[in-house]
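K.L.:
predicted coordinates and the sequence they were generated for:
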Amino acid sequence: MLRCLFAVMMVLCTVTQAAAQDLQSILQTHAEEVASPSRNSVGTLLDELVASGLPQVPAFLEQWSDKNVWQRDDGLFFIGIEEDDVLALRDVDSGEDSTAAADGFTQLKPNGGVRRVIATAMVQFQLLDPDLTRRETAIASIARRPEAAQLAPLLASIEDETDAALRARKIQLANILTARFGETVEVRIAAIESLSADVSVEARAVLNQILSTREGADIEQPEGNLARLLNPLEAPDTYYAKLVDADLAPAPQSPDDIRRALEANIVEGRIGDIPLVQMDDPTLRIAAYAQLADAGVVPALITPALRDAALARHVFYDLYDEPDPQITTAAQTALSSVEARVGAAQVADLTLDALSLASIFFLAAIGLAITFGVMGVINMAHGEFIMMGAYTGYVVQLFIPSYTVSIFVALPLAFAVTFGAGVVMERLVISRLYHRPLETLLATFGISIALQQIAKNIFGTQARPLTSPDWLAGAWVVNDVIQISYIRIAIFVLALLFLGVILYILRRTRLGLEVRAVTQNPGMAASMGINPDRINMLTFGLGSGIAGIAGVAIGLYAKVTSEMGADYIVQSFMTVVVGGVGNVWGTLAGATMIGFGQKGIEWLNPSNTLAAQTYMILLVILFIQFRPKGIVALKGRAAGD
Amino acid sequence: MTKRTLLSTALPALALSAMGTAAFAECEAPIRVGVLHSLSGTMAISETTLADTMQMLVAQQNEAGGLRDCEIEAVVVDPASDWPLFAEKARELLTVHEVDVIFGNWTSVSRKSVLPVIEELNGLLFYPVQYEGEESSRNVFYTGAAPNQQAIPAVDYFLEELGVEQFALLGTDYVYPRTTNNILESYLIENGVDADDIFVNYTPFGHSDWATIVADVVALGADGRQVGVISTINGDANVGFYKELAAAGVSADDIPVVAFSVGEEELSGFDTSELVGHLAAWNYFMSADTDANAEFIAAWQEYTGDDTRVTNDPMEAHYIGFNMWVAAVTEAGTTDVDTVRTAMYGQEFPNLTGGTAVMLPNHHLAKPVLIGEITAEGQFDIISQTTEVPGDAWTDYLPASAVLVSDWQELGCGMYNTQTESCVQLTSNY
Amino acid sequence: MQSSFIARNPSVLWFLLALSAFTVLVSLLSEAGGSALISTSFLKTLGKTLCLCLVAIAMDVVWGYCGILSLGHFAFFGIGGYAIGMWLMYERTAEIVTTSLDSNILPPTPDEITDAIGSQIFGVVGSNDFPLIWAFSHSLTLQLLAVVLVPGLLALVFGWLAFRSRVTGVYLSILTQAMTLALSLHFFQNDTGLRGNNGLSGLQNIPGLEGVPQATVSLWFFWASAFALGAGYVLFSWVVSGKLGSVIRAIRDDETRVRFLGYHVESYKLFVFTLTAMVAGIAGALYYPQAGIINPAEIAPIASIYLAVWVAIGGRGRLYGAVIGAAVVSLMSSWFTGGSAPDINLGVYVIKWTDWWLVLLGLTFVAVTLFFPKGIGGLFDLLPRRKGDTK
């Protein structure tokens, strides 16, 4: 499109060139378009600007795109930056600086679509620009909107490219453009074949575009590069509608059409010879309509038999837009090889997502596994400890502006805060209820609603931002299909770390030994000189502290609200129960099972995430029926309850 | 989160305006305006602002001499984000406090909950939030946007200006996204978009695990055509969604997202640097550059005593609705519901964004549609503003609704079937 | 027999007396009763509270007497509401639709009627088709059966699976919680066919009673709720007294020992679990026509936990305790969150009850669990025998 416009503009420009010696006059002849540009019409203006060959054009385009162009009330355009209602202005032609009050000016805000077209127009200036970022912008712009005219300048720019990464990117992009816009069939087929190992979205995009088809229906099979013939009987009504659209068949009648036709032809309380009152019977309606049709009052009814006959008389086909069958065949081969790779990559990506989800569940549940599993205490306020941890992170960020430092302060602080809260709760409430496990559930629930409401009163119900440092932003990208954000990797690592730490504490330390002893037989443990109160307090503090750290991690990847704990509590309980109580490995197994299960169901039904969660819970309920003790069941006396 | 909050007893908090009563000596009883917005529970975050807005508007009106020489009294009750409680409080407002009009509700389910009560007792409700349409009650004025005043223009913008050819409709699983997406799907198909090019996904409230969904959206680009996301994702879930989008390296230039439920208030909970360039469609943005808007913002920040408080679209809806009601009461000379209702038709009031809002006989407003790009400061750059679009109660893009019109002035019916030329029902469908 | 039952359960008589007196008093003070001291909205609240009391005594039987801490009983309550709500919506819509279709020139075909009803009910959620679960919605009898049978069947299947596998204690609590969570998530989906988050609304308009003012309808529902509560109280008093009651309480105290004595513990537990689920369904079916709307948020796990909270605060293991707990806590919640409770100004900080009520409730709850395990009902133990009962 640009190319033909370009040709027209060249002719026009030779005429206007004499008058339009400076940028301002060109802008003024298109003042309306500059002030409120549209994607579809801005091309004309851009072509003219480019054709003018004025040196100030690239700078102007850049500023325009960045919303730094202002129009004075008398219609003249300036480059300007506003600060406190004062504009620092620069003349578009002379570059002369001045200032003015912002009142008499309107800022121009070209929308995203226009900005993209401007970016394409700027490519030719930027491809060879000494500034690396400008060259990168140009390449990104080509990748977004590939056009045939860009191929030659892109190829020409490769040789002089100094930056190795950008050079590779240019070659890759040139290859993609060649596949679609190359001069000769051979060149294109070579490029297409080289794409067969490339799973990037761009490569697939270009292959799909080469293979774009249009659908048609006709009496005979048409000329052209046929993609496939279609069987209309697979969906007769849809295909018949296509015939109707193509004026190849009369329109069918809907029940509404029949009703209206009948209504219009009532004679003395009858339609044909059938009385009006019997019209609540659908078969009689059709009979009456048939009588009207026989009388020639209405068009004949399209019955399924008539419809199928009409379908049989026509061929339905898909034609490639690309006329050369050699190219489409090559693209087809390349695409199917790419798709096989993409399929494998998607499985890998889903596995990564499932691992990530499992690690989040694990992190949320591990604290609970300790308090619930090891101590047999049901802590409904566990979710609120997660929340407290997340808010601790938020508060820390209010005081420490550096995100990196704040995270490293927040993690231990969150642990300390929730450890403290856990110990206080254990001392005040739980220690009095060790013999009444069901009542711990209720008492901790009371604490849970109180804590949630207190958080609401302090922080409000609005979600609070907890921002991750820059080195955790972005994603680890294997290719365009397999990628996972660094923050999720960090959570995964954190989960592994905790697994290690907890296993170490429980297996290798004095504390762990005592915890296990108290878990298995508190009376005996006490008589061996262990203070069960102290152990319970520490264990509970540990479990709560871990919940606090989990809170920071969860807040980083999602959100911080007073209700975030409630989102995780039932899930966490199920993780612990499915895995098997009293065992860290069990929790790991439970989290893995739930994470993978949920992702698996999501994959089967990608449009409804809610259904995936529902079915996952049902699966868990069923699972527990058949393995009441969970995946990893404790054996021996400790298992008794 | 209170669910079983049941009872209303005795007197609710009466928020009396600070005006002296001397100026209104001639008045027998003050005119009462009911404010039915949640002050606690999950919806409080959005609705408290609106309750405050109403009290500010009432106070302003009293300062300007009240209404028909009477003082206006705002009766504020708290339905606590509990849907059955909305119905109960509405009944209380109408029968116990005998209010003349109610301004309130947020979310469809709360509106559907009060509809039977309002219609039974012939009350008057102004509903200020964008909604899914497919409803027209004799007793409700919808000052928020119908789908054709928000969703359809946004999609037009995607088609025309951004050249989007493949659409991902992502929404939270509840009624507004469901119905809006249904309307959009059939609108897109009518505009030549293939059904295969529309990806629909629903997630639960507060969803946080967005990795797979974002990957699915990115994968749409494999067809080589521009992908755009239409988001009806509600509330907190947006935080995780935009974070994941940013982490996947998807910028607004690659895949633009237009949201219908993200406004200035919501943005205050985000780190907006990740959102720059993404879009939202509303009938009002705080950044609108008019004198009336500057005045409104100044009054609001003074009223709340917080010069960082933002204004948003539903606040403007209440602003227009309240002022229209005042004008209608003045014109009718009474607060009688049926008389005021008739006087409402054709009421005009200037928008805060310029132009004039008109109340139509279908109880919807004609308002301009604005599209804004999110800026790093948590505001919106208005990049497109239409002329006034008349709100449409029944969408033209669903076959069952296309034949329906609402016209309370001429036809006296909110659900009139143009094909059979009969009124389907006089009450609304709740 | 009757006399001995009363003699063994003196609270039954007192309770029925108090309930009757309360009903008569409220009726006289209601709008329909002449003097309008009790507004219709408050009357509805009282009627709903009676339904909550009914589900609370069911909870008390299953938890306080049988020792099964079910965190899913509100799901049964909700299912009862949905079952009756489906008929109410269908029938009301059918009336509107047939009236409107009568103005058509041709008499409507059955398909046209169904389509029109479908698009009326499901139009707001963007669909027109009748889902399969609405198959019986045209019949009041069948839906009334569903009110009892669907919760009963669900409880039977769930209970059978759980008790058979010897899932007990906190495991069972978590499992029942998972059940109600799954159910509410399921109802939240539009695809389920119960109108998703919007739920069923306009339930206070009873088909066939269009001419009757809401004040009267509310009073009728109040009476029905009072009757149901009374009947439920008698039923459960009978269940928990006598030999059956002894076995049930023995299961609570030591399940294993009862099993060794030769009782089939699972059957008893299943009986109690299923029966209480059915009663919860009935309570829900009476509650939601008074509330006017039911949606999936009603059966979220938190609702069932609150149910346990009421019973615990009221006092477990005594039926009137559950009634007191449900009535007091739910009425107080409304009073505090309704903005009617005066704010407390501490000078530096104003305590708004809408903000702080939940904190107070949570802490009260902890205190009750720790220090007054018998709840409010425990106060009656302090009174001399044969004196004062209930409110």
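P.N.:
Looks like it arrived, so ask away.

K.L.:
residue contacts, residue 282?
P.N.:
Just so you know, I chose chain A. Counting by CB atoms under 8 Å, 6 or more residues apart in numbering or on different chains, A:Pro282 makes contact with A:Pro255, C:Thr109, C:Pro110, C:Asp111. C-beta coordinates here come from the backbone N, C-alpha and C atoms, glycine included.

K.L.:
the chain in question should be chain C.
P.N.:
So C:Ile282 contacts C:Leu54, C:Gly80, C:Val147, C:Val148, C:Ala228, C:Gly232 (CB under 8 Å, 6+ apart).

K.L.:
using TSV, lay out those together with distance to B:Ser46 and neighbour count.
P.N.:
As requested, the contacts of C:Ile282 are exported to TSV (distance: CB to CB, whole Å; neighbours: other CB atoms under 10 Å in any protein chain shown):
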residue	distance to B:Ser46	neighbour count
C:Leu54	35	30
C:Gly80	32	31
C:Val147	36	23
C:Val148	40	17
C:Ala228	38	19
C:Gly232	40	25
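
K.L.:
going by distance to C:Asp115, which of those residues wins?
P.N.:
C:Val147 (27.6 Å; CB to CB).

K.L.:
who's in contact with the helix or strand that closest one falls within?
P.N.:
C:Val147 belongs to helix C:140-164 when assigned by DSSP states H and E. With contacts defined as CB under 8 Å, 6+ apart, helix C:140-164 is touched by A:621-622, A:625, C:75-76, C:79-80, C:83-84, C:86-87, C:91, C:136-137, C:172, C:175-176, C:179, C:265-266, C:269-270, C:273-274, C:276-278, C:280-282, C:284-285.

K.L.:
also stretch C:287-296?
P.N.:
So stretch C:287-296 is in contact with B:83-84, B:87-88, B:109, B:112-113, B:116-117, C:44, C:47-48, C:51-52, C:77-78, C:80-82, C:84-85, C:88, C:184-185, C:187-188, C:194, C:196-204, C:206, C:218, C:221, C:225, going by CB under 8 Å, 6+ apart.

K.L.:
list the contacts of the residue of the stretch 301-430 of chain B found nearest chain A.
P.N.:
Residue of the stretch 301-430 of chain B nearest chain A, by CB to the nearest CB: B:Ile383 (4.4 Å). B:Ile383 sits next to A:Lys109, A:Pro110, A:Asn111, A:Gly112, B:Ile371, B:Gly372, B:Glu373 when contact means CB under 8 Å, 6+ apart.

K.L.:
kindly calculate the angle that whichever helix or strand comes after the helix holding C:Val147 makes with helix C:140-164.
P.N.:
Where DSSP H and E defines the elements, the next helix or strand beyond helix C:140-164 is helix C:169-188. Inter-element angle recorded for helix C:169-188 and helix C:140-164: 150 degrees (by axes from the mean of the first three to the mean of the last three CA atoms, to 10 degrees).

K.L.:
hmm, the helix or strand following helix C:169-188 touching chain B?
P.N.:
Next in sequence after helix C:169-188, counting helices and strands by DSSP H and E, comes strand C:200-201. Yes: residues of strand C:200-201 contacting chain B under CB under 8 Å from any CB of the partner chain: C:Ser201.

K.L.:
and strand C:200-201, what does it pack onto?
P.N.:
Packing contacts for strand C:200-201, counted by 3 or more CB pairs under 8 Å, 6 or more residues apart in numbering or on different chains; DSSP states H and E, involve helix B:108-120, helix C:73-102, strand C:293-294.

K.L.:
buried stuff in the helix or strand following the second one?
P.N.:
It stands for helix C:73-102. Per DSSP H and E, helix C:73-102 leads on to helix C:110-122 as the next helix or strand towards the C-terminus. Buried residues in helix C:110-122, counting neighbours by 16 or more other CB atoms under 10 Å in any protein chain shown, are found at C:Glu112, C:Thr114, C:Asp115, C:Ala116, C:Ile117, C:Gly118, C:Ser119, C:Gln120, C:Ile121, C:Phe122.

K.L.:
TSV for those, including distance to chain B?
P.N.:
Formatted as TSV, the buried residues of helix C:110-122 follow (distance: CB to the nearest CB, whole Å):
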residue	distance to chain B
C:Glu112	11
C:Thr114	13
C:Asp115	9
C:Ala116	8
C:Ile117	11
C:Gly118	9
C:Ser119	5
C:Gln120	6
C:Ile121	8
C:Phe122	10
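
K.L.:
that older thread, next, format the contacts of B:Ile383 as CSV and append secondary structure.
P.N.:
Formatted as CSV, the contacts of B:Ile383 follow (DSSP: H, G, I helix; E, B strand; the rest coil):
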residue, secondary structure
A:Lys109, coil
A:Pro110, coil
A:Asn111, coil
A:Gly112, helix
B:Ile371, strand
B:Gly372, strand
B:Glu373, strand
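
K.L.:
hmm, what's the outermost residue in chain A?
P.N.:
Here chain A reaches farthest from its C-alpha mean at A:Glu268, the gap being 63.3 Å by CA atoms, centre = their mean.

K.L.:
how about that one, phi and psi?
P.N.:
Per-residue torsions, A:Glu268: phi 50, psi 50 (degrees, to the nearest 10).

K.L.:
ok, it to chain C distance?
P.N.:
14 Å (CB to the nearest CB, to the nearest Å).

K.L.:
please report the distance of B:Leu398 from B:Thr427.
P.N.:
21 Å (CB to CB, to the nearest Å).

K.L.:
so between those two, which is more surrounded?
P.N.:
Neighbours per residue, other CB atoms under 10 Å in any protein chain shown: of B:Leu398 and B:Thr427, the larger number sits with B:Leu398, 22 against 18.

K.L.:
was I right about that one contacting B:Asn182?
P.N.:
Yes: counting by CB atoms under 8 Å, B:Leu398 touches B:Asn182, with 6.5 Å between them.

K.L.:
now the phi/psi pair for the closest residue to A:Leu276 other than its chain neighbours, please.
P.N.:
Nearest residue to A:Leu276 in three dimensions, chain neighbours excluded: A:Gly269, at 5.1 Å (CB to CB, 6 or more residues apart in numbering or on different chains). Backbone dihedrals for A:Gly269, given as degrees, to the nearest 10, come out at phi 70, psi 10.

K.L.:
give me the number of residues near the residue nearest to B:Met315 when sequence neighbours are not counted?
P.N.:
Distance criterion CB to CB, 6+ apart; nearest residue to B:Met315, sequence neighbours excluded, is B:Thr53 at 4.8 Å. Counted by other CB under 10 Å, the residues lying close to B:Thr53 total 27.

K.L.:
what does the stretch 201-350 of chain C put close to chain A?
P.N.:
Counting by CB under 8 Å from any CB, the stretch 201-350 of chain C sits next to chain A at C:Pro301, C:Ile302, C:Ile305, C:Ala308, C:Val309, C:Ala312.

K.L.:
most neighbours among those, please name it.
P.N.:
C:Ala312 (32 neighbours).

K.L.:
so how far is B:Asp197 from it?
P.N.:
Taken as CB to CB, the span from C:Ala312 to B:Asp197 is 56 Å.

K.L.:
again with C:Ser225
P.N.:
54 Å.

K.L.:
of those two, which one has the most company?
P.N.:
Between C:Ser225 and B:Asp197, counting by other CB under 10 Å, C:Ser225 is the more crowded of the two (24 against 17).
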